[in-house]
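Trainee: prediction below, plus the sequence it came from.
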Amino acid sequence: MRRIRWQSYIQGLVVVVAFSSGAALAGGPFPFTEAWYQQRADDPPGARQIEKHGKYWPPYPRPMGRKQTFSHAYHTAHYWPYPYNCQDRADVNNLLDAQTGAGWALATTLHDYHFDEDTQQLTDAARSQLLWTANSVPPQYRTVYISQGNTPEKGQLRIAQAETYFREMGIQNSPPVVARYETFNGRPANEVDVVRRLELESIPKPRLFLIGRQASGGGGGAGGSSAASAAGGSSVQSGNGGSSGR
């Protein structure tokens, strides 16, 4: 029995030494050292997918290659889902930041309708937009985007108009003005106004229906009027009788 145990120990030691020698000859760190564990720290957790008899086991996508070490598998099971939940949160936050930046860029953009078609002068709406951008927009999104139109020269002229307006208004630390190519997908203001007016004109006049209450009210009114007529008639008759009696 002791001989069998010693033979098992020796065989295991030979396997470990052979494995370590092969790894050392391959140029990697010596197995079970700190450098070796650091090299394998990024091994993905979970079962591995293998190819056997022309099929992948399991059939759905899984990592391939060597499995995690015992200590790394214990670390994954103990601290799950860290650090993958941090990566998921970072991905969601990056997506939200990108959407927020695109929304603010659209909100601080001066479109084609903010400029006169012939002279490229700022309209009243464009001046209000510039003041709002310079004073109310959060600092990290405080950038004025100018629709450059169909030519770069038109975009440069519009940028000059916006910068001149900032200087005339005496705005300190005015936001940067950048030209961008964009296509506005909204509706003109006059079209929105016409649609709103037609909507208001098509609203029917309000009518109040008092179902049941009108009939009861009318009956009560009729009963009250008949009672009043009867009282009036009796008083007249009594008055006539008194006068005739005299």
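Mentor: That came through fine.

Trainee: enumerate every residue touching Gln87.
Mentor: By CB atoms under 8 Å, 6 or more residues apart in numbering, Gln87 lies in contact with nothing. Every C-beta, even on glycine, is put in place using the N, C-alpha and C of the backbone.

Trainee: and it, that one's in a helix?
Mentor: Yes. Counting by DSSP: H, G, I helix; E, B strand; the rest coil, Gln87 falls inside a helix.

Trainee: and the helices in this protein?
Mentor: Ranges of helices in the chain, per DSSP state H, are 2-25, 34-39, 70-79, 84-107, 124-135, 152-168, 189-201, 213-245.

Trainee: which of those comes out lowest on mean pLDDT?
Mentor: Among the helices of the chain, helix 213-245 carries the lowest mean pLDDT, at a mean of 47.

Trainee: tell me the domain ranges of this structure?
Mentor: Following the assignment in automatic domain parsing, the chain carries domains at 30-45+56-80, 100-180.

Trainee: adding mean neighbour count and distance to Gly186, write those domains out as CSV.
Mentor: Output for these, formatted as CSV (neighbours: other CB atoms under 10 Å; distance: least, CB to CB, whole Å):
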stretch, mean neighbour count, distance to Gly186
domain 30-45+56-80, 12, 43
domain 100-180, 15, 8
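
Trainee: can I get those domains in JSON lines with distance to Arg196?
Mentor: Below are those laid out as JSON lines (distance: least, CB to CB, whole Å):
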{"stretch": "domain 30-45+56-80", "distance to Arg196": "53"}
{"stretch": "domain 100-180", "distance to Arg196": "17"}
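
Trainee: Ile10: which of those is closest?
Mentor: domain 30-45+56-80 (18.5 Å; CB to CB).
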